[in-house]
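Visitor: need a structure here:
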Amino acid sequence: MLRIAMLSYWHVHAPDYTRQIQQIPDTKITVVWDEIPSRGREWASRLGAAFEPDLVAAVGREDVDAVIVDAPTNRHAEVMVAAARAKKHIFTEKVLAPTVAEADEIVRSVREAGVQFCISFPHRTRPAILFAREAIDRGWLGQVTLLRARIAHTGVIDAWLPSHFLDPVECGGGALIDLGAHPMYVTEYLMGMPKRVSARFNNVKKEIRVEDNAVAVLEYENGSLAVVEASFSSRFSPFTIEAHGTEGTLFIGFPGAAEVMIRSRKIGGAVEGWIVPERLPSPLPSPMQQWVNAIRGGEPAKFGLEAARNLTELMQAANESARKGEPVELPLSHDRPT
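Guide: Numbers count the residues shown, from 1 in each chain. From the prediction side, this is the model:
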């Protein structure tokens with residue numbers, strides 16, 4: 001039996017992670033900790049679990065093997081370092097931390113503890129994204145000269161996001177660091193780390209304290225560009241990806257079209273025009289399932305410490321660029337953990 005501590009129900013995804021872990025055989029939520037004790041007690045009561053108001057005591061319990069972290073982003077380092085020191089396996093909501101310095105503290109602690117780690121990058125399990133990576137790796141698009149990834153919802157304009165998701169201290173930012181994490185980690189997976197990041201943040205709703213409309217431009221050594229867009233104030237705006245290259249173009253997620261469409265001089269053959277692949281790669285297991293498999297002796301989760309740290313570095317660079325009004329060079333000036 002894999003015994004789990006839920007570390008906070010701050011994040012809106014925490015109830016879904018609860019359902020996910022409950023659906024995996026031979027797992028049990030034994031403990032709940034929350035920075036808001038009343039919320040933690042309520043969830044512990046629902047789950048038939050113990051509530052522990054002290055973080056160190058919660059992660060140190062003998063009936064806890066692993067933790068799921070849904071605490072405020074600005075407390076991720078505190079929470080995950082405590083869990084790692086207690087030798088507990090860690091699953092975390094994105095982002096790893098608001099800053100590279102905090103991310104590296106987590107990375108060091110996890111590596112020293114030798115525990116299994118996974119960050120929730122669900123879109124990297126999708127067949128369409130796996131196909132895009134294959135298309136790029138096999139040269140079907142040539143050099144990708146521009147990649148554009150966009151995601152948006154109505155959380156601000158329809159006021160369904162909880163108020164704490166608009167807290168610049170707890171969240172570390174607004175639309176980009178939260179929702180925009182998805183297109184950002186997909187972009188890093190497809191294109192790698194850039195040499196420079198520029199970002200602009202704006203507000204449709206002027207009264208909120210974080211951006212609800214954001215764009216980041218990533219510049220690469222080979223001249224390629226990537227554009228990452230995120231908004232809390234757009235309606236009917238699905239997660240879409242465009243990859244434009246010297247030999248072809250690929251689209252993912254556009255309404256009214258197949259999920260994946262590709263046109264390439266490399267694969268057209270006797271049939272010219274847009275191609276809808278008949279078969280896409282098989283989906284990967286969910287991040288949660290990958291994590292549990294790794295704990296039980298399987299291969300490590302594909303979304304590990306390096307990918308998690310890269311996302312934090314990209315987000316910190318974007319936040320700094322938006323604040324300063326100028327591009328930010330990568331890597332950021334901070335020593336990586338060994």
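
Visitor: from here on, contacts and neighbour counts on C-alpha atoms
Guide: Fine.

Visitor: can you map out the helices along the stretch 201-338 of the chain?
Guide: 287-295, 305-324 (DSSP state H, counting those that start in this stretch).

Visitor: For the longest one, give the mean pLDDT please.
Guide: Averaged across helix 305-324, pLDDT comes to 99.

Visitor: packing partners for it?
Guide: Secondary-structure packing of helix 305-324 (3 or more CA pairs under 8 Å, 6 or more residues apart in numbering; DSSP states H and E): helix 100-113, strand 117-119, helix 181-191, strand 196-202, strand 328-329.

Visitor: again, only using 10 Å
Guide: Packing partners of helix 305-324 (3 or more CA pairs under 10 Å, 6 or more residues apart in numbering; DSSP states H and E): helix 100-113, strand 117-119, helix 181-191, strand 196-202, strand 213-219, strand 328-329.

Visitor: Deepest-packed of those, please.
Guide: Stretch with highest mean neighbour count among the helices and strands packed on helix 305-324: strand 117-119 (a mean of 27; mean count of other CA atoms under 10 Å).

Visitor: Report the rounded mean pLDDT for it.
Guide: Rounded mean pLDDT across strand 117-119 is 99.

Visitor: Also stretch 53-71?
Guide: Mean predicted lDDT for stretch 53-71 stands at 99.

Visitor: List the buried residues for that stretch?
Guide: 53, 55-56, 58-60, 63-71 (16 or more other CA atoms under 10 Å).

Visitor: Dump stretch 3-17 to CSV, keeping only the CA atoms.
Guide: Provided in CSV are the C-alpha atoms of stretch 3-17 (Å, rounded to 0.1, in the frame of the first residue of the first chain):
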residue,chain,number,x,y,z
ARG,A,3,0.4,5.9,1.7
ILE,A,4,0.0,9.5,0.6
ALA,A,5,0.0,12.9,2.3
MET,A,6,-2.0,15.6,0.6
LEU,A,7,0.0,18.8,1.2
SER,A,8,-2.6,21.6,0.9
TYR,A,9,-5.8,22.1,-1.1
TRP,A,10,-4.8,25.6,-2.2
HIS,A,11,-4.6,24.7,-5.9
VAL,A,12,-7.7,24.2,-8.0
HIS,A,13,-6.4,20.9,-9.3
ALA,A,14,-6.0,19.4,-5.8
PRO,A,15,-9.5,17.7,-5.9
ASP,A,16,-8.6,16.1,-9.3
TYR,A,17,-5.3,14.8,-8.0
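
Visitor: And for Pro255, nearest residue in space, chain neighbours not counted?
Guide: Pro238 (7.9 Å; CA to CA, 6 or more residues apart in numbering).

Visitor: Let's test this: what are the backbone torsions at that neighbour?
Guide: Per-residue torsions, Pro238: phi -80, psi 170 (degrees, to the nearest 10).

Visitor: picking that back up, with respect to Lys302, which of the helices and strands packed on helix 305-324 lies nearest?
Guide: Minimum separation from Lys302 across these (CA to CA) falls at strand 117-119, 7.7 Å.

Visitor: And the closest one, how far out from the chain middle?
Guide: 10 Å (CA atoms, centre = their mean, to the nearest Å).

Visitor: Which strands or helices does it pack on?
Guide: Going by 3+ CA pairs under 10 Å, 6+ apart, strand 117-119 lies up against strand 66-69, strand 89-92, helix 100-113, helix 287-295, helix 305-324.

Visitor: Quick one: these as TSV, columns for distance to Tyr9 too.
Guide: As requested, the helices and strands packed on strand 117-119 are arranged in TSV below (distance: least, CA to CA, whole Å):
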stretch	distance to Tyr9
strand 66-69	9
strand 89-92	12
helix 100-113	20
helix 287-295	17
helix 305-324	21
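
Visitor: Please identify which of the ones you listed is closest to Gly173.
Guide: Counting by CA to CA, Gly173 lies closest to helix 305-324 out of those; the figure is 7.5 Å.

Visitor: what angle sits between that closest one and strand 196-202?
Guide: 60 degrees (axes from the mean of the first three to the mean of the last three CA atoms, to 10 degrees).

Visitor: Quick one: closest of the helices of the stretch 201-338 of the chain to Phe201.
Guide: helix 305-324 (6.1 Å).

Visitor: you'd agree the residue nearest to Pro255 is up against Glu229?
Guide: No: contact criterion CA atoms under 10 Å: Pro238 and Glu229 do not qualify, at 11.4 Å.

Visitor: contacting residues around the nearest residue in space to Glu326 that is not next to it in sequence?
Guide: Excluding the flanking residues, the one nearest Glu326 by CA to CA, 6+ apart is Ser198, at 6.5 Å. By CA atoms under 10 Å, 6 or more residues apart in numbering, the contact set of Ser198 is 215-219, 227, 317-322, 324-329.

Visitor: Likewise for Leu2?
Guide: The neighbourhood of Leu2, defined by CA under 10 Å, 6+ apart, consists of 21, 24-30, 63-66, 292, 295-296.

Visitor: Would you tell me which of the helices and strands packed on strand 117-119 gets closest to Met6?
Guide: strand 66-69 (5.1 Å).

Visitor: so what strands line up beside that closest one?
Guide: strand 2-7 (parallel), strand 89-92 (parallel) (DSSP bridges).

Visitor: and the ones you listed as TSV, adding distance to His182?
Guide: Compiled in TSV, the strands paired with strand 66-69 are given as follows (distance: least, CA to CA, whole Å):
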stretch	distance to His182
strand 2-7	22
strand 89-92	14
